[in-house]
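Colleague: no sequence on this one, just coordinates:
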């Protein structure tokens, strides 16, 4: 019996697909990341807004944001066998980030002391 289990485990690939996680959750994850980049760029159009992600400069260029996501997203996706609950939790956190980005934009949009950058 032990020998049989060992043989079975040896046949498993070292590389696994995230097939156990609902594809809808991963699709939502990627869409939310796109919305995060978009809303961050919209917010950074204003002179008083800075990026709060410690891995990025305070006023990152569009390419910095895209490169950051291009490196971190595949790393996150492939580094671990995610469960539905874990991906949903990440989606919840990303949703709150996107909402906060848009809330910040709405709050500062009409402030005279925070003009839009040209």
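Modeller: Perfect, I can see it now. It should be emphasised that the depicted structure is a prediction, and the values quoted were computed from it without experimental measurement.
Colleague: Just the element for the spatially most central residue of the chain, please.
Modeller: When Cα atoms, centre = their mean is applied to the chain, the residue found nearest the centroid is residue 33 (4.1 Å). Using DSSP states H and E, the element containing residue 33 is helix 23-43.
Colleague: Contacts made by that helix with the rest, please.
Modeller: The contact list for helix 23-43 (Cβ atoms under 8 Å, 6 or more residues apart in numbering) reads 18, 49, 51, 60, 62, 65-66, 69, 73, 77, 84, 87-88, 90-91, 94-95, 97-98, 101-102, 104-105, 108. Placement of C-beta: from N, CA and C, glycine included.
Colleague: Pull out the buried members of these.
Modeller: Buried residues within the contacts of helix 23-43, defined by neighbour count using 16 or more other Cβ atoms under 10 Å: 18, 49, 51, 60, 65, 87-88, 90-91, 94, 97-98, 101, 104-105, 108.
Colleague: Among those residues, name the ones in helices.
Modeller: Those of the buried ones among the contacts of helix 23-43 mapping onto helices are 65, 87, 88, 90, 91, 94, 97, 98, 101, 104, 105, 108, per DSSP state H.
Colleague: Run a quick neighbour tally on residue 27.
Modeller: Residue 27 has 10 neighbouring residues, counting by other Cβ atoms under 10 Å.
Colleague: ugh, wrong one, residue 25
Modeller: By other Cβ under 10 Å, 18 other residues sit near residue 25.
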